[in-house]
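J.: Give the three-dimensional model of this entry:
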Amino acid sequence: MSRRKSIFGPVALAALMVLAAAGTTLSANPGSVPAAQSGILAATAGCGKAPTLRSGTHTIQSSGKNRSYILRVPDNYNNNHPYRLVFGFHWLNGSATDVATGQTVQRDTWAYYGLLPLSNNSTIFVAPQGLNSGWANSGGEDVTFVDDMLRQIEGDLCVETTQRFALGFSYGGAMSYAVACARPNIFRAVAVYGGAQLSGCSGGTQPVAYFGAHGIRDSVLNISNGRSLRDRFVRNNGCTAQNPPEPSQGSLTHRSTTYSGCASGYPVVWAAFDEGHIAAPQDGAPGDSGSRTWLPGETWRFFTQFGGGTTPPPNPTTPPPNPTTPPPSPTTPPPGGGACRVTAEVNAWNNGLTEQITITNTGNSTINGWSLVFTLPGGQTITGGWNASYSPTSGQVTARNMSYNGTLAPNASVGIGFQATHTGNTAEPSSFTLNGATCTVS
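T.: Below you'll find the predicted structure:
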C-alpha cells in the first residue's frame, strides 16, 4: 500500500487552482443525445448480442477527434443480463489507466476509485481519457464524448438504462458534475469528490441523485466549491436546506449527512472529512489509503440503493476477490466503553449483500480499543470486510478495531462494513454490543 498526501504533482496543483480561480465554465453546447435517452427502455440494444467489446482500451471518434477509454467488462459476462454502468473520470494530469488500475493510491484495491473490488462482477466500468489530461469540456465536447461512448458501449453490451452512474475526483469530479447538469435523464446518480465547477454546467435545473465528498482543509479547491455544487442539487432535488455538520480540524474523521425532504428517488448525501485535496481519505490517519478509505464503501452504498435490474450473478461457491480485507487486530480491546449507537444499512442482491455499519460513541469517555458483537441472520456468511476484522464469519460475529481506528472520542463515529453471501434472509442484525454494552440501533 502506498500512502500519498496528494496524487497531484505541483504543476497540476497550480494549474487546477488557476482554473478554479477563473471559475471556468466552458460548456455551452449540450451535445448530441444518446440513443438510449431516458431509461424508458430497461435494457440496451446490446442485450442478447454476442459482444465485440472486451475489457481493455478502445478508441472512438468524437467531435472530430480521436478519443479513448478503458473498459472493464465483468468476468463471465452474460449478454442477457442488464448490468450497472459506472464512469470513472480522472483528475487533472491523471489518466484512464490511473483510474482503471488504482495505481496512484493502491493498485487493484483502489481500481475505479475503489468500486471495482466491491462490485462482484455486477457492473461494467468505463475510464475515459480526457483531452490534455483534463476535462475542459470546451463547447460541450466532453459531454458529447460521453454520449458517444454510451452509444458504442450500449450498442454492444447489455446495460440497464436506469443504472448509469458517474464519479470522479477534482477535475474528474467537475466532469461528473457536468454530466449531472447536462444529462439528468441519462445518469441515475453521480459522486463528486473534491470538485468545483470547472467543466461547466449546461442545464443544471433537473434533479439527479447526488453524493458529494470534500476535505475541509482542501487548499486546491476550497470546500466552498464542493458546497456550492452540492447546493445546486439540494435545490433541484427538493431537499430541505441545511448546513450539515462537518468534522473539526485535527480530528482526522469524516461526517456524512443524508439530506431530508428530498424528492423520492433523488437523495443528496454530503461527506466532509478532515483532510486536504485527496481522493481516498481514511479515518484516524492522514493521506490517501486504498485499503483503509471509507469513501468507496459509502459511494457504493449510495449507487446501489437504487436497485433496478442490475441483480449481480455471483457464484455463491466462489467468494469475490477482497483485497481490502483487513488483517486481525494486533490487540484485544479492553472491556467497557460506555454508551453507543449503531446504524446498519444492507444492500442485497440474489445471493449476496453488503452491509455498512456506523458505530458512534455516545458516552462521555473516550473508547480506546473496541469490539462490536452481533449475530448474523441464518444463512449469511461473511466473505470479506473493511475497517475491522471479523470472526467467525457466521452466527455470532465479533468485529474488532484495526490499529488505525481503535480510538473513539465522545460523539465520534467509525464506519465499518462487510460483504456476505446469503440464502434468502437479507436482514441486518437486530442488536449490537460494543465492549459488552448494548447499543442503541437507529
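J.: From now on I want contacts and neighbour counts done on CA atoms only, so please keep to that.
T.: Fine.
J.: in this protein, what spans have low per-residue confidence?
T.: 1-42, 308-338, 350, 404 (pLDDT under 70).
J.: May I ask which helix or strand encompasses the residue most central in space within it?
T.: The C-alpha lying nearest the average C-alpha coordinate of the chain belongs to Thr299 (CA atoms, centre = their mean; 2.6 Å). Assigned by DSSP states H and E, Thr299 belongs to helix 295-304.
J.: quick revisit: list the residues that contact the residue nearest to the centre of the chain.
T.: Thr299 is in contact with 191, 211, counting by CA atoms under 8 Å, 6 or more residues apart in numbering.
J.: how close does it get to Val269?
T.: 10 Å (CA to CA, to the nearest Å).
J.: cool, Asn132 as well?
T.: Distance, Asn132 to Val269, by CA to CA: 31 Å.
J.: In terms of neighbours, single out the busier of those two.
T.: Taking neighbours as other CA atoms under 10 Å, Asn132 and Val269 compare with Val269 leading, 21 against 11.
J.: Run through the residues that contact Arg84.
T.: 122-124, 159-160, 163-164, 310.
J.: thinking again about what came up before, tell me which strands and helices the helix or strand that the helix holding Thr299 is followed by is in contact with?
T.: Toward the C-terminus, helix 295-304 is succeeded by strand 340-348 as the next helix or strand (DSSP H and E). Contacts defined by 3 or more CA pairs under 8 Å, 6 or more residues apart in numbering; DSSP states H and E place strand 340-348 against strand 352-361, strand 440-441.
J.: which of those is buried the deepest?
T.: Stretch with highest mean neighbour count among the helices and strands packed on strand 340-348: strand 352-361 (a mean of 21; mean count of other CA atoms under 10 Å).
J.: ok, back up a step: so what sits against both of Thr299 and Val269?
T.: In terms of CA under 8 Å, 6+ apart, Thr299 and Val269 are both contacted by the residues Phe211.
J.: in its sheet, what does the host helix or strand of Ala127 sit against?
T.: Ala127 belongs to strand 123-128 when elements are defined using DSSP H and E. Each strand paired with strand 123-128, and its direction, by DSSP bridges: strand 65-72 (antiparallel), strand 83-89 (parallel).
J.: Now distance to Leu376 too, for the ones you listed, in CSV please.
T.: Output for the strands paired with strand 123-128, formatted as CSV (distance: least, CA to CA, whole Å):
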stretch, distance to Leu376
strand 65-72, 33
strand 83-89, 28
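J.: Can you tell me which of those is most buried?
T.: Ranked by mean neighbours (mean count of other CA under 10 Å), these are led by strand 83-89, with a mean of 27.
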